[in-house]
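Peer 1: Mind looking at a prediction? Sequence and model below.
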Amino acid sequence: MVKIAGGALLASITIDRESSKTIGTQICAALRKMIFAGALSAGERLPSSRTLAQELHVSRTTINYVFERLAEEGLIESRTGSGSFVCETLSTHLPKLPSPSTQMLAQRRKNLRLSRCMTQAIDQFGARIPHEKRAFTTGTPAFDAFPLAQWSRLVSKHYREKRDMVMGYGDPEGFFPLRQAIANHLRGNRGLSCEPEQVFIVSGAQQAFNLTCSILLNPGDKVWFENPGAIGARNSLNAHGMDLIPVPIDEEGLIVEEGLRRAPYFRLAFVTPSHQQPIGVTMSLARRIELLQAAEQSDAWILEDDYDGEFRYYRSPLPTLQSLDTAERVIYVGTFSKSLFPALRLGYFVVPPILVDTFQKISGAFLHGAPSNLQAVLADFMDEGHFATHIRRMCKIYAERHDTLIDAASRRLDGLLDVMSTETGFHTIGRLAPGFSEQAVSQAASARAISVSPIGRYCIEPIAMQGLVLGFSTIRSPEIRAGIEVLGQVLEALRP
């Protein structure tokens, strides 16, 4: 006689009615676990749907759903007039998985094997900056000022397109009308000399960094990297096994002479010339020319990250480094995460003509492209003038918030933190008075719901400057003033 499950079985099924998981999913998971653990053996009969429903205080519809789902997975089978049973085949096909001890699992974690590149990189990764909406979060645009009405109208329009446009794979190189719109914008506003074929659409700047490393560099290649510098790009280069050469910066940007002294035969230089991340200086014309000459002499590439160069408050945006490049050495990377919003997950990079064919072939070989309809929305947003209008408006908003930060800091933080003025982007730095620990200030501020990143977080090797990175884009002027007051209290409490 076939044994009928019940009793202990029913008692072991617990339902959390506050869980985000449906009741049916919870019951299904519990029964599946019992089958794999052997608590329900092959050939064992399950309670009827009526019995289970009554004992668990759920509907029979829910139990029928559970039985159907487990049957589809091949774990149970229904026999007309007899009920539901654990599949007999599981007695021979279900693997007897060992249950490793806690010590064995700990040893496996200790000896976990990663790729060579990742093994070397994992301890070198910089901690990513937080993105909570509070003072003084960096790297996040002002969501409250985004023109959501125009964007929603375009989204609604393009989600009525043909299904292959909405649901299919995107062009590996990017939606061509968007590439055209970006090329037009860059020619008119950033001084780039480029054609749409040179523009490649990616899922954010990080993917552009990864592709560049994969295509142009080999593990162990020497890469000049600004010190301090952008954490995300640093992590990408580390993950690909690059030998990062920290090159200091001064008021003119990356010190090319020092880079040549440390690694004359470099393969790539990563720079943020429009608004250095995080110090905020703009690379001088003389230094840009010097860098281009060094790249030519070393047969190296330059990766120009223009992450927030669109936002220049009181003057027109400076021309890019790429606009000076006559030797086809510069790869220009831009992102809409900063100019529009991060969830868009769209960025782009512009390769010199000499690399177009190579990037086309490689992109077509293994990339599927970003969603086409989302790219179409952005193309219309740019072509209809909303993007340019948005940038102009954001420059005014960020200028106002910047001025509020500088004014409030000069009044409240005098002698504690010297907050520097900037003309670009949506963050700046504050130099700590002697004796403060930037790490201690950052931790104490975080406990008071304030985000201030230590400059040391951005460094490959230590620098003399002690300071904090302060974002002012995410919150409005009253919240900025309130945040400065809290930061002042934190600094006074930690005053040496």
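Peer 2: Sure thing, it's come through.
Peer 1: For the rest of this, base every contact and every neighbour count on C-alpha atoms.
Peer 2: Fine.
Peer 1: quick one: what helix or strand has the nearest residue to A376 once chain neighbours are set aside in it?
Peer 2: Leaving out its chain neighbours, the residue that sits closest to A376 by Cα to Cα, 6 or more residues apart in numbering is L178, at 6.6 Å. Take DSSP states H and E as the rule and L178 turns out to sit in helix 176-189.
Peer 1: who touches the closest residue to V469 other than its chain neighbours in this structure?
Peer 2: Closest residue in space to V469, ignoring its immediate chain neighbours: I429 at 4.5 Å, by Cα to Cα, 6+ apart. Shown here is I429, whose contacts under the criterion Cα atoms under 8 Å, 6 or more residues apart in numbering are 278-280, 419-420, 467-470.
Peer 1: Pull out the buried residues from those residues.
Peer 2: Buried members of these, scored by 16 or more other Cα atoms under 10 Å, are 278-280, 419-420, 467-470.
Peer 1: Report the lowest-confidence entry in those residues.
Peer 2: Ranked by pLDDT, those bottom out at G280, which scores 91.
Peer 1: Report whether it is found in a strand, as I expect.
Peer 2: No - G280: not assigned to a strand; according to DSSP: H, G, I helix; E, B strand; the rest coil it is coil.
Peer 1: quick one, what contacts it?
Peer 2: Contacts of G280 by Cα under 8 Å, 6+ apart are 422, 424, 427-429.
Peer 1: Specify which member of the residues you listed is nearest to L324.
Peer 2: T424 (20.3 Å; Cα to Cα).
Peer 1: list the contacts for the residue nearest to that closest one when sequence neighbours are not counted?
Peer 2: Spatially, and ignoring its direct neighbours in sequence, T424 is nearest to R312 (4.4 Å; Cα to Cα, 6+ apart). Neighbouring residues of R312 by Cα under 8 Å, 6+ apart: 395, 423-425.
Peer 1: surely R50 meets T61?
Peer 2: No - with contact defined as Cα atoms under 8 Å, R50 does not count as touching T61 (9.7 Å).
Peer 1: what helices or strands is the helix or strand following the helix holding L178 leaning on?
Peer 2: Going down the chain from helix 176-189, the next helix or strand is strand 199-202, by DSSP H and E. Secondary-structure packing of strand 199-202 (3 or more Cα pairs under 8 Å, 6 or more residues apart in numbering; DSSP states H and E): helix 176-189, strand 347-350.
Peer 1: one more time with 10 Å
Peer 2: The contact analysis (3 or more Cα pairs under 10 Å, 6 or more residues apart in numbering; DSSP states H and E) places strand 199-202 against helix 176-189, helix 205-216, strand 330-335, strand 347-350, helix 353-366.
Peer 1: Of all those, which one comes closest to P246?
Peer 2: helix 205-216 (17.5 Å).
Peer 1: Name the residues of that closest one that are buried.
Peer 2: In helix 205-216, counting by 16+ other Cα under 10 Å, buried: 205-213.
Peer 1: will you turn the residues you listed into JSON lines that also has pLDDT and distance to E290?
Peer 2: Below are these laid out as JSON lines (pLDDT from 0 to 100; distance: Cα to Cα, whole Å):
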{"residue": "A205", "pLDDT": "92", "distance to E290": "25"}
{"residue": "Q206", "pLDDT": "92", "distance to E290": "27"}
{"residue": "Q207", "pLDDT": "93", "distance to E290": "28"}
{"residue": "A208", "pLDDT": "94", "distance to E290": "25"}
{"residue": "F209", "pLDDT": "94", "distance to E290": "23"}
{"residue": "N210", "pLDDT": "93", "distance to E290": "26"}
{"residue": "L211", "pLDDT": "93", "distance to E290": "26"}
{"residue": "T212", "pLDDT": "94", "distance to E290": "23"}
{"residue": "C213", "pLDDT": "93", "distance to E290": "23"}
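Peer 1: Looking at the residues you listed, which is nearest N111?
Peer 2: Nearest member of those to N111, counting by Cα to Cα, is N210, at 27.2 Å.
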